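Asker: Provided below are the primary sequence and the corresponding predicted coordinates.
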Amino acid sequence: MVNDRIEVIPADEVTRGFKDTTVVPNTILRAGLSPQLLSLWIHLWAHCYGARDNYCWPSRKRIAQQMCCSLRSVCTYLDQLERAGFISRNTHTEHGVSGYYIYAPVDKRDAPPF
């Protein structure tokens with residue numbers, strides 16, 4: 001999904017400065033994700049807040065409820081997003097809680113020339 005013109009960086013670097021809103025970078029809309037994967041990415045991104053703006057930890061059950069789909073579908077979509085490089089997972093084995101680092105593609109053509 002990511003080609004030689006696209007670089008993947010933490011999503012918080014794309015939308016830094018915007019608080020109390022969910023700002024979706026245009027590059028994620030043009031990334032070629034299926035509607036389900038795009039919806040999941042946006043739901044995860046909406047849960048990111050605090051000092052680590054590109055990290056969130058909503059439960060899979062909560063995501064399934066918000067997306068109006070099954071828990072199994074959410075698990076499948078999470079696997080697909082991770083394989084594509086748009087998220088990485090961090091499981092806290094002590095509590096069994098999964099956290100997600102969210103990444104957004106940035107078109108290198110839009111970067112300043114320095």
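Answerer: It's in.
Asker: which helices and strands sit right next to the longest strand anywhere in the chain?
Answerer: The residue-count maximum for a strand in the chain (DSSP state E) belongs to strand 97-107. Secondary-structure packing of strand 97-107 (3 or more CB pairs under 8 Å, 6 or more residues apart in numbering; DSSP states H and E): strand 6-10, helix 11-15, helix 26-29, helix 35-46, strand 55-56, strand 87-92. All C-beta atoms are positioned from the backbone trio N, CA, C, and that covers glycine.
Asker: which residues does the residue nearest to Tyr101 when sequence neighbours are not counted contact?
Answerer: Nearest residue to Tyr101 in three dimensions, chain neighbours excluded: Ser88, at 4.6 Å (CB to CB, 6 or more residues apart in numbering). Contact partners of Ser88, counting by CB atoms under 8 Å, 6 or more residues apart in numbering, are 82, 100-101, 103.
Asker: From Ser73, how far off is Ser88?
Answerer: To Ser73, Ser88 is 20 Å away according to CB to CB, to the nearest Å.
Asker: Ok, Arg83 next?
Answerer: With CB to CB as the criterion, Arg83 and Ser73 are 16 Å apart.
Asker: Those two: which is more packed in?
Answerer: Ser73 (16 against 10; other CB atoms under 10 Å).
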